[in-house]
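Asks: Mind looking at a prediction? Sequence and model below.
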There are 2 protein chains.
Amino acid sequence: METKFNVLETRIGDRKSVSSDLNFADGEDDPFISSLWGIHKTLDALRGNMHKRVFDAETIGDDGSDIEDTQLPPTYVVVQLDPKIPKTTLVWLIDKISGKKRDGGGELIVMKQPLNPDDGSILHLSATKMKFLEAAEEMELMKEDRIGVMREFTVASLEDFVPEDMHLDDFLTPSERQTIVKHELDNIRALAEDDHIPGFPTYSLYEGQSIFHVCQKWGIVTKVYPLHDDEAIKRLGKQWYWTVFGKQPFEDIRLYFGESITLYFNFLGFYTYTLAIPVLLGFLQMLVSTETIPFFCIFNVVWVTLVLEIWRRNSNELAFKWGTIGMTSMDEPRPNFKGAMGYDAITGKIQPQSPRYMTYVKMYAVSLPIVFICMLLAFVIMMVSFWVEDYLKQNEEYIQFVSLPSIIYSVVVLIMNIYYRSLATYLTEWENHRTQSQYDRHRVTKLVLFEFVNNFLSLFYIAFIVQDMEMLRSQLQTMLIISQAINNFLETVQPLAVKYYVMKFKIADKPANPNTPRIFREKGSEDNTPLKDLEIPQLLPDDPRIKQAMAEGKMESYEGTYDDYLELFIQFGYVFLFSSVYPIAALWAVFNNVIEMRGDAFKLCRLFQRPFSRRVKDIGAWQRAFEVLGALSILTNCGILYLSPQLRRGAPGVSEVEWILMFVLLEHVLLGVRYILHIAISEKPEWVRVALAKKSYEWKQALKFERSQKNRRLLTRKFKTDHGTHGQ
Amino acid sequence: METKFNVLETRIGDRKSVSSDLNFADGEDDPFISSLWGIHKTLDALRGNMHKRVFDAETIGDDGSDIEDTQLPPTYVVVQLDPKIPKTTLVWLIDKISGKKRDGGGELIVMKQPLNPDDGSILHLSATKMKFLEAAEEMELMKEDRIGVMREFTVASLEDFVPEDMHLDDFLTPSERQTIVKHELDNIRALAEDDHIPGFPTYSLYEGQSIFHVCQKWGIVTKVYPLHDDEAIKRLGKQWYWTVFGKQPFEDIRLYFGESITLYFNFLGFYTYTLAIPVLLGFLQMLVSTETIPFFCIFNVVWVTLVLEIWRRNSNELAFKWGTIGMTSMDEPRPNFKGAMGYDAITGKIQPQSPRYMTYVKMYAVSLPIVFICMLLAFVIMMVSFWVEDYLKQNEEYIQFVSLPSIIYSVVVLIMNIYYRSLATYLTEWENHRTQSQYDRHRVTKLVLFEFVNNFLSLFYIAFIVQDMEMLRSQLQTMLIISQAINNFLETVQPLAVKYYVMKFKIADKPANPNTPRIFREKGSEDNTPLKDLEIPQLLPDDPRIKQAMAEGKMESYEGTYDDYLELFIQFGYVFLFSSVYPIAALWAVFNNVIEMRGDAFKLCRLFQRPFSRRVKDIGAWQRAFEVLGALSILTNCGILYLSPQLRRGAPGVSEVEWILMFVLLEHVLLGVRYILHIAISEKPEWVRVALAKKSYEWKQALKFERSQKNRRLLTRKFKTDHGTHGQ
């Protein structure tokens, strides 16, 4: 009893904000506690009023006019809620979103739209001008200053960033504002008092957890998306996907879609250009005699290494220009990073803290073995399919079923892929990586390992176990062309068709999360239109945003660049791993990529919800994945050349052992060349290194400078007074 | 005429300091010019007087007493000049050393000692207290502050560094003061007016060149060394080389000898400890049956990789503790770096500037081919020696000369090494690297490549061409033991003997530079005792420093850690490259290293001139050199195992091709393991990364902090006044 009381008192004493719907069914009917609850309810009511006043003062006070009804701020992010959640949950959530920062809130402006029962409850989020600038500083947003240097924005140096002729309100781009709203939304974290989601006693929360992500996980929030900017997208499209040979408008893409997507298109463009050499070599290789093939092959392999090294330089150059090069694993934690709230060792900010070694233990002790077992499984399934096919071939009675195993295998791989992808995502989430880039890197690594087995291992089997080069060539050709055709279809044609279908016949989209229906049927049947009587600003019924929000809510959401990179990765493997067998693959790749570039652009602009912009400093795990493929291509091509019967016939006097050793030597020389290229080509161009050093020097000097003037005076005084005539 | 006049006027207008002995023999007898020279001479005389006043004010003024005769400051660096240089040169040089910074001087205190005609002219250098502190700040000296954090010293934050109970004069250690004096000495750079060394019209100078290094190059300055500290060295020795199993006193070593030497002893200690595993494996390998040898061999190879990765972490940890981890190629240029004076792109300081690409061009277009030709030559000479030996063996009449070729070969290698070493030094100097670490790295790389050919290629030849494992083992054993014995003799016993010899029989040492005698005979015969009548402070005849300076001047100077690392590198190669053939090599290595550790310590403390302390952040090119040897050891050991007849007999059913492929596969797996270890083990320990990020964050925040308080106010005002009611 005594303890209970103390605990409660402490909790009330500490509390900054408590939602008004604390669950009373927990069996707390002790009179002491009840009276405390009474006080707490009163406090709550008070706080609620105060909060409303603060909120009003903010939305109105900014420019002195009452904007609540006459002029609502623009929508930056749309949040779609399940329509069936109880009102308590909704009030709590809106309270969190719009509450003050010190009460654990997001300080955002929430607007409702006139209700349409079919489409769930839709909230439009915005923020005050001041909030945007403050958050921009807190997020360490990089902006170009007046003299064109990318640096961290601070409110105090606002004048350095805003050109004379620019209105302050145009300073942050819509895309930046969307990112800021999303960032604030993600960083609404549960306080110590929030031990579960009100209305859902079983959905527990712990201190420091991102409330919004928990709501998404449980399907309370079904969708979150920013709105497209029709004007901008039309302009962008004209320069981007409606030209045939035009250069991609990277700067405009970055401003609209953010760094992550721009870097993908940069990589795609760069890689496609550099394919020119392999295409040329492919043609030459078909023309010349077989003895000279090794030379082309060697050149090809060196070229791959060079391309990847140069890309790394390019990518660092871009990262510098975009101000993302300094991102480290010490940066702000991702919303789903779990850990007790504590002072960050670097910044001193209060952030979730979790020891890094736990992540390592989980990675190496659990995830790694699981991933290897999955890879092994995929390998075994592949082998079984080969064996069955072989068996069918050898038995005349089953000869009509000979293509059945490979069809079944394809289907099994498809299904495995789906399950493995959620497994990889789950494992990576559980490993609890601190930053988004770490999370992405480890997730991509897991996925790529598995994809490698599925996509390339059958080729390895054919090349080095079956040793049938004709079969390898035809298999390579089939896989390359079919995979490219399917991908292009899935990416562009299919969503386009779906879009028309949805638009024309108005098929209601199902809730994104399969868990939701079951859960809500249990709980939320009491009050069905929860938004109606909430005291938050409401859009006018004829506001065009309502229609836009609902239309874009029905679009598919862009899941990140993973699939796009994966496609390139697989293509890269098909082109380079066995380039000596099927050199013309490079031509197919170029052909595909030119279409892909436009297709991806079109898809992003027109078929998908606008993605939130994401800052990245490089292509993450993909750089290493491509590099490993590059190194493997040395091994495979040397192996293929060694097995080539044409070449073997060209050297009849050479013994079998000498023949092997020749290619082992060749392989080692090529690996050596690769290592030397890697060392000799520095990661960053000279000018970037100088600029970075300069920046760091300037930071260091910033404090020193003010003091330097005083030194002589200070020292002279010091020696005169303190230290008399103690020897030199 | 007109032009000439203008040029001169400009030069006089610009000049801050002109030496008083400008050469009049250049044929400038035009009356105009003569009159200008007149003005210039007057100016010069004036400046000379002023400078003397300033100098006196400094040396005396510091603590209010006249120290010139009664109490001279301690000697930090001794400079030995050739006794035969003309007085003009000497006056100019002393002028430069003691002149004001703005006149291109070093601002050091110069003292002479009572003349002893045999030993050349010896100058004792020191500096004022104030100068030391100012220079420490300018050099960005790292000091531990009161709370134990290494950070850059600044005069303004002096209070943070000096503990309560420490006298300010004890703040900088003698070793730091020596480094500061040397740094100032090295950074006396020629002004635009200094186009040659006065007294030597042919020794040209250009603006920005380090005057002191030119004087050393031409033998005007024969020796520069700091003095030992007898007390400290006795204390150090007791803990260091007079113990058998004691831990090396790294912190004391660092304080006395600096980071570069300490890091060597750290590496030596670490590497010797980690040899325990190979020793153990070596014993086991001798006991077990031959079939299990591959397992030991594999373990050994993985161990090498691990050791080097862990060392890199350790070394980064040390570098962080010592505050050297942030050193980059953008740091202060080395004294011999050539280039026109200009503003540095990073710091804005006036420093020699030279484009980096010129260095690359020189490296790749000239040095690289030359180095390869030398390596090829060494290889050819080795092959010739083998062929001759073979020939002698086959002819019975020459059988008594059979060991002659290898003796001749050894002598030739010795001679080649000497010449190649100066070639490599010359080339690296000519490549004009900006920082000392770059210079060292590229010089070491060149030397190591050549040493590799000389030391290991014969073993490769025996192992893989002759394929005689017995011969390989005996050759390995001979080379390992002989090289270790010779090295220990050369390093410790011989200098010890020489020292006694010199001490006992007082043999005058010859000038270090072979050029000098010839040149000075031509020029400097006019005035023979130039120091006598110079107006600089003179040590009393009974000052113990005089004896010490002369005694230590006769000692050998320590040429840097190159030879010590090279010894370890060669040993590392002998131990690991063929560890499957001669596993017990590791034991010899441990035995040698335990002696080596004491020997090197003794040699540094007792036999050599005290070296200047040097700051380094890692072991430079050696890290990579050892890593490459580690990778090569995978190749060689797999090769040896493949050739091993015992193993081959153990697998009679395996075909020759399968047998090769097995080892090729093994090799690739091991290389893969190496790559994964390299990726999985991060370069820096977590705490170092956090600490670095924190530092950089603090720098960044330093300026932001003061402003952050004003933001709200500033913004509110801004929105109220400037921007009226422009939409959100």
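Replies: Nice, thanks for sending it over. Residues are numbered from 1 along each chain as shown, chains lettered A, B, ... in the order given.
Asks: What is the neighbour count of residue A:395?
Replies: Here the number of neighbours of residue A:395 (other C-beta atoms under 10 Å in any protein chain shown) works out to 11. Where C-beta positions appear, they are placed from N, C-alpha and C, glycine not excepted.
Asks: Leaving out sequence neighbours, find the closest residue to residue A:565.
Replies: Spatial nearest neighbour of residue A:565, excluding adjacent residues (C-beta to C-beta, 6 or more residues apart in numbering or on different chains): residue A:622 at 5.0 Å.
Asks: The one you found: what's it in contact with?
Replies: A:267, A:444, A:448, A:565, A:569 (C-beta atoms under 8 Å, 6 or more residues apart in numbering or on different chains).
Asks: any idea which of the residues you listed is closest to residue B:72?
Replies: For these, the closest approach to residue B:72 (C-beta to C-beta) belongs to residue A:267, at 67.7 Å.
Asks: So what touches the helix or strand where the closest one lies?
Replies: For residue A:267, the host element (DSSP states H and E) is helix A:259-274. Outside helix A:259-274, the residues that touch it by C-beta under 8 Å, 6+ apart are A:248, A:250, A:253-254, A:303, A:307, A:311, A:314-315, A:318, A:322, A:324, A:560-561, A:564-565, A:568, A:572, A:589-590, A:593-594, A:596-597, A:600-601, A:604, A:611, A:613-616, A:618-619, A:622.
Asks: List the buried residues for that helix?
Replies: Across helix A:259-274, burial judged by 16 or more other C-beta atoms under 10 Å in any protein chain shown covers A:259-268, A:271-272, A:274.
Asks: Likewise for stretch A:438-449?
Replies: Neighbour count says stretch A:438-449 has A:438, A:439, A:440, A:441, A:442, A:443, A:444, A:445, A:446, A:447, A:448, A:449 buried, by 16+ other C-beta under 10 Å.
Asks: Make TSV out of these and add distance to residue A:549 and secondary structure.
Replies: Formatted as TSV, the buried residues of stretch A:438-449 follow (distance: C-beta to C-beta, whole Å; DSSP: H, G, I helix; E, B strand; the rest coil):
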residue	distance to residue A:549	secondary structure
A:438	33	helix
A:439	29	helix
A:440	29	helix
A:441	34	helix
A:442	35	helix
A:443	30	helix
A:444	32	helix
A:445	37	helix
A:446	35	helix
A:447	33	helix
A:448	36	helix
A:449	40	helix
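Asks: Same list, these, but as TSV with pLDDT and distance to residue A:671 please.
Replies: Output for these, formatted as TSV (pLDDT from 0 to 100; distance: C-beta to C-beta, whole Å):
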residue	pLDDT	distance to residue A:671
A:438	90	29
A:439	92	32
A:440	91	29
A:441	91	25
A:442	94	27
A:443	94	29
A:444	94	25
A:445	94	22
A:446	94	26
A:447	94	27
A:448	94	21
A:449	94	22
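Asks: Tell me how far residue A:353 lies from chain B.
Replies: 12 Å (C-beta to the nearest C-beta, to the nearest Å).
Asks: ok, the nearest residue to that residue once chain neighbours are set aside - contacts?
Replies: Nearest residue to residue A:353, sequence neighbours excluded (C-beta to C-beta, 6+ apart): residue A:342, at 4.0 Å. Neighbouring residues of residue A:342 by C-beta under 8 Å, 6+ apart: A:350, A:351, A:352, A:353.
Asks: average model confidence for the helix or strand containing residue A:568?
Replies: When elements are defined using DSSP H and E, residue A:568 is found to belong to helix A:562-576. Mean pLDDT, helix A:562-576: 92.
Asks: Who are the packing partners of the following helix or strand past it?
Replies: Downstream of helix A:562-576, the next assigned helix or strand under DSSP H and E is helix A:585-602. Packing partners of helix A:585-602 (3 or more C-beta pairs under 8 Å, 6 or more residues apart in numbering or on different chains; DSSP states H and E): helix A:230-240, helix A:259-274, helix A:276-287, helix A:469-488, helix A:562-576.
Asks: how big is the angle separating the second one from helix A:585-602?
Replies: So that's helix A:259-274. 150 degrees (axes from the mean of the first three to the mean of the last three C-alpha atoms, to 10 degrees).
Asks: number of nearby residues for the residue of the stretch 1-150 of chain A found nearest chain B?
Replies: As assessed by C-beta to the nearest C-beta, chain B sits closest to residue A:73 within the stretch 1-150 of chain A, at 3.8 Å. Residues within reach of residue A:73, counting by other C-beta under 10 Å, total 19.
Asks: What is the nearest of the buried residues of stretch A:438-449 to residue B:157?
Replies: Nearest to residue B:157 among the buried residues of stretch A:438-449, with distances taken as C-beta to C-beta, is residue A:438, at 36.0 Å.
Asks: Quickly note the distance from the closest one to chain B.
Replies: Taking C-beta to the nearest C-beta, one finds residue A:438 at 12 Å from chain B.
Asks: Which of the contacts of residue A:342 ranks first by neighbour count?
Replies: In those, the most neighbours by other C-beta under 10 Å go to residue A:352, 23 neighbours.
Asks: Deepest-packed of the helices and strands packed on helix A:585-602, please.
Replies: helix A:562-576 (a mean of 22; mean count of other C-beta atoms under 10 Å in any protein chain shown).
Asks: what comes into contact with it?
Replies: By C-beta under 8 Å, 6+ apart, helix A:562-576 touches A:264, A:267-268, A:271, A:275, A:278, A:300-301, A:304, A:443-444, A:447-448, A:451-452, A:455-456, A:476, A:479-480, A:483-484, A:487, A:585-586, A:589, A:592-593, A:596, A:600, A:619, A:622, A:625-626, A:629-630, A:633.
Asks: How about the contacts made by residue A:613?
Replies: A:175, A:176, A:178, A:179, A:256, A:257, A:258, A:259, A:260, A:261.
Asks: repeat that for 10 Å
Replies: A:173, A:175-176, A:178-179, A:182, A:226, A:254-262 (C-beta atoms under 10 Å, 6 or more residues apart in numbering or on different chains).
Asks: can you pull the buried residues of the helix or strand hosting residue A:637?
Replies: Assessed by DSSP H and E, residue A:637 sits inside helix A:621-643. For helix A:621-643, burial by neighbour count (16+ other C-beta under 10 Å) applies to A:621-627, A:629-643.
Asks: now it against helix A:562-576, angle please.
Replies: Going by the same axes, to 10 degrees, helix A:621-643 makes 20 degrees with helix A:562-576.
Asks: got any ranges where chain A has weak pLDDT?
Replies: By pLDDT under 70, the low-scoring segments of chain A are A:1-70, A:115-120, A:244-245, A:329-330, A:499, A:502-533, A:701-728.
Asks: Spell out which residues make up each domain of chain A.
Replies: A:2-61, A:67-232, A:247-332+A:491-521+A:548-682, A:687-721 (automatic domain parsing).
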